[in-house]
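**Student:** Sequence plus predicted model, see below.
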Amino acid sequence: MIKLTARQEQILKLIQDAIENTGFPPTRAEIAQILGFRSANAAEEHLQALARKGAIEISPGTSRGIRLVDGAHDRAGLRGIVTASHPAVMHLSLPLVGRVAAGSPILAQEHIDATYSVDPSLFRSRPDYLLKVRGMSMRDAGIMDGDLLAVKKADSAKNGEIVVARLGDDVTVKRYKKSGSVIELLPENPDFETIRVHPGREEFALEGLAVGLLRAWS
């Protein structure tokens, strides 16, 4: 069993809860705010300590680049939902969607690259498919190029949720925000611009909600 201090256990549980409730880990600033730290640097120090003990992995240069190591929550005496390094427990078969052709359904047979068998308890809600992420527009949410995003089919979303949306010939992953009749698709990378969808744009459609993330390690 991993030996953690009371504070480290608290932070590990906070990370678990964030992943369970939103599908994504918290930022350092969010950890600091929730736990009453004076700065995000204090949260960073605790995260580095958890990484040294093998409870988490940290992706440099991203605000949400925190991943629970498979099995670490059990070894620390905790339970909960975690993201996975690889699909190890074979319970749920999910199609992996690669590149999507213009104008055709996202789950059309020609878009399916493979099928993954995964443990459904890895996700906060049962997903319908996996989408291979292209690009780095969601980098600061911990979503990297090549990651497999677990998606639940949906045609509506709440503000702040991460969605898969179709815009004309493209399928994109962004954070959803609706103000009045205007929908904004927000990147999590300052190098990318917000996409604004105005009423009457027929080529826009929501394809689903992000409910978790898989990263295949080589």
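**Tutor:** On my side now, so go ahead. Fair warning: this is a prediction, and the values are worked out from it, not measured in the lab.
**Student:** wait, doesn't residue 195 sit right on residue 176?
**Tutor:** No - Residue 195 is beyond contact range of residue 176, at 10.7 Å (criterion: CB atoms under 8 Å). Glycine gets a C-beta too; all of them are placed from N, C-alpha and C.
**Student:** Mutual contacts of the two, please.
**Tutor:** Common contact partners of residue 195 and residue 176 (CB atoms under 8 Å, 6 or more residues apart in numbering): 184-185.
**Student:** Can you pick out the residue with more neighbours from the two?
**Tutor:** Using other CB atoms under 10 Å as the criterion, residue 195 and residue 176 rank with residue 176 on top: 20 against 17.
**Student:** and the more buried one, what helix or strand is that in?
**Tutor:** Using DSSP states H and E, the element containing residue 176 is strand 170-179.
**Student:** Not counting its own residues, what contacts the next helix or strand after that strand?
**Tutor:** Going down the chain from strand 170-179, the next helix or strand is strand 182-186, by DSSP H and E. Strand 182-186 has contacts (CB under 8 Å, 6+ apart) with 163, 165, 167, 172, 174-178, 194-199, 204.
**Student:** How about stretch 98-117?
**Tutor:** By CB under 8 Å, 6+ apart, stretch 98-117 touches 87, 90-97, 128-132, 134, 148, 164, 166, 168-169, 171, 207, 214.
**Student:** circling back to that earlier point, how far is the strand holding residue 176 from where the chain is centred?
**Tutor:** 14 Å (CA atoms, centre = their mean, to the nearest Å).
**Student:** Mind giving me the packing neighbours of that strand?
**Tutor:** With contacts taken as 3 or more CB pairs under 8 Å, 6 or more residues apart in numbering; DSSP states H and E, strand 170-179 sits against strand 162-167, strand 182-186, strand 204-214.
**Student:** where does residue 140 land on pLDDT?
**Tutor:** On pLDDT, residue 140 comes in at 83.
**Student:** And for it, the neighbour number?
**Tutor:** Residues near residue 140, counting by other CB under 10 Å, number 17.
**Student:** quick one: buried residues of the strand holding residue 176?
**Tutor:** 171-177 (16 or more other CB atoms under 10 Å).
**Student:** Same check on stretch 35-54?
**Tutor:** 37, 40, 43, 46-47, 49-50, 53.
**Student:** for stretch 16-33, same thing?
**Tutor:** 16, 18-19, 22-28, 30-32.
**Student:** Fine by me, thanks again.
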